[in-house]
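Trainee: Generate a structure from the sequence data that follows.
(one chain, ligands or ions: 2)
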Amino acid sequence: MTRPILISPSILSADFARLGEEVRAIDAAGCDWVHIDVMDGHFVPNITIGPAVVKALRPHTQKTFDVHLMISPVDLYLDAFAQAGADIITVHPEAGPHIHRSVQHIKSLGVKAGVVLNPGTPAKMLDYLMDDVDLILVMSVNPGFGGQSFIENQLRKIEAIRKMIDKTGRDIHLQVDGGIDFTTAPKAIAAGADVLVAGTATFRGGPDAYADNIRKLRGG
Ligand SMILES: O=C(CO)[C@@H](O)[C@H](O)COP(=O)(O)O
Ligand SMILES: [Co+2]
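Mentor: Ligands and ions are numbered 1, 2, ... in the order given. Okay, here's the model as predicted:
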């Protein structure tokens, strides 16, 4: 079955001094979503941005804001990210404490809910969330930094989750994040992913290269 492939550039690899411009540039270059990595220096060993930056970026594009929260605790901040303009909020069960509650909370805010699994977390973790999630994200690197190498054995997890999704008959996106480039993107797509997050591979070469990079990641 062929499904449209969506590209969600991670702005972690953008020029942070010119973030608004960078978001407009990837929009013009044909990205589908904008992936925003939120890190707290506690759940992951890096600190990035908060809801104020998401709010400041919101007027720069109408594309879907795909917000990946790598923070613990997470529930305290869900309202703020929804109000800042997130369209999809994705949370880690590993960040605890209550993943089912977090998913319900996100949905109650009128925002799409995603669940993301670290490389060491089995697909089985999703069993009792399949009825509620709008997106499942497979981390193909350990979270915290851009520019890491793709962990090949996550392809098996993508294949397994693709089967789980198809079994539900629900319209659930299967996203992959970490080390996605022109070599690994086709593998992730073949395994069943339909949304590719790419930071390094989108922003490499500067604004003149963005459109080409996005087209190639999509397989065009
Ligand atoms: O969530 C994360 C890292 O924790 C990612 O979104 C990365 O920022 C992707 O970067 P590349 O591997 O594409 O450079
Ligand atoms: Co991410």
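Trainee: what about residue 89, which SS state?
Mentor: For residue 89, the assignment made with DSSP: H, G, I helix; E, B strand; the rest coil gives strand.
Trainee: and what of the one 5 residues further on?
Mentor: Taking three-state DSSP as the rule, one finds residue 94 in the helix state.
Trainee: Spatially nearest residue to it (excluding sequence neighbours)?
Mentor: residue 118 (5.4 Å; Cβ to Cβ, 6 or more residues apart in numbering). (Glycine included, C-beta is placed from N, CA and C.)
Trainee: I'd like the distance between the one you found and residue 74.
Mentor: Using Cβ to Cβ, to the nearest Å, residue 118 is found at 14 Å from residue 74.
Trainee: More neighbours: those two, which one.
Mentor: Using other Cβ atoms under 10 Å, the more surrounded residue of residue 118 and residue 74 is residue 74, with 24 against 18.
Trainee: so who does the more buried one touch?
Mentor: Going by Cβ atoms under 8 Å, 6 or more residues apart in numbering, residue 74 touches 91, 92, 95, 102.
Trainee: Looking at those residues, which is nearest residue 56?
Mentor: Distance to residue 56, by Cβ to Cβ, is smallest for residue 91 among the contacts of residue 74, at 22.4 Å.
Trainee: Quick check: that closest one touching residue 112?
Mentor: No: in this structure residue 91 lies outside contact range of residue 112 using Cβ atoms under 8 Å: 11.9 Å.
Trainee: residues shared between the contacts of these two?
Mentor: Here residue 91 and residue 112 share the contacting residues residue 106, scored by Cβ under 8 Å, 6+ apart.
Trainee: Compare the two and say which one has the larger neighbour count.
Mentor: Taking residue 91 and residue 112 together and counting by other Cβ under 10 Å, residue 91 has the greater number of neighbours (26 against 18).
Trainee: Show me where this structure has its helices.
Mentor: All helices of the chain, identified by DSSP state H, fall at 19-28, 51-57, 78-84, 99-108, 154-168, 184-191, 200-203, 210-218.
Trainee: Counting by contacts, list what the fourth one packs against.
Mentor: What that stands for is helix 99-108. Contact here means 3 or more Cβ pairs under 8 Å, 6 or more residues apart in numbering; DSSP states H and E; on that basis helix 99-108 packs against helix 78-84, strand 88-91, strand 112-117.
Trainee: Which one, of those, ends up nearest to ligand 1?
Mentor: strand 112-117 (8.3 Å; Cβ to the nearest ligand atom).
Trainee: mind saving the C-alpha coords of the closest one as PDB?
Mentor: Output of strand 112-117 as PDB, limited to C-alpha atoms (Å, rounded to 0.1, in the frame of the first residue of the first chain):
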ATOM      1  CA  LYS A 112      -3.600  15.400  18.500                       C
ATOM      2  CA  ALA A 113      -1.700  13.000  20.800                       C
ATOM      3  CA  GLY A 114       1.500  11.100  20.000                       C
ATOM      4  CA  VAL A 115       3.400   8.500  22.000                       C
ATOM      5  CA  VAL A 116       7.200   8.100  21.400                       C
ATOM      6  CA  LEU A 117       9.300   5.100  22.300                       C
END
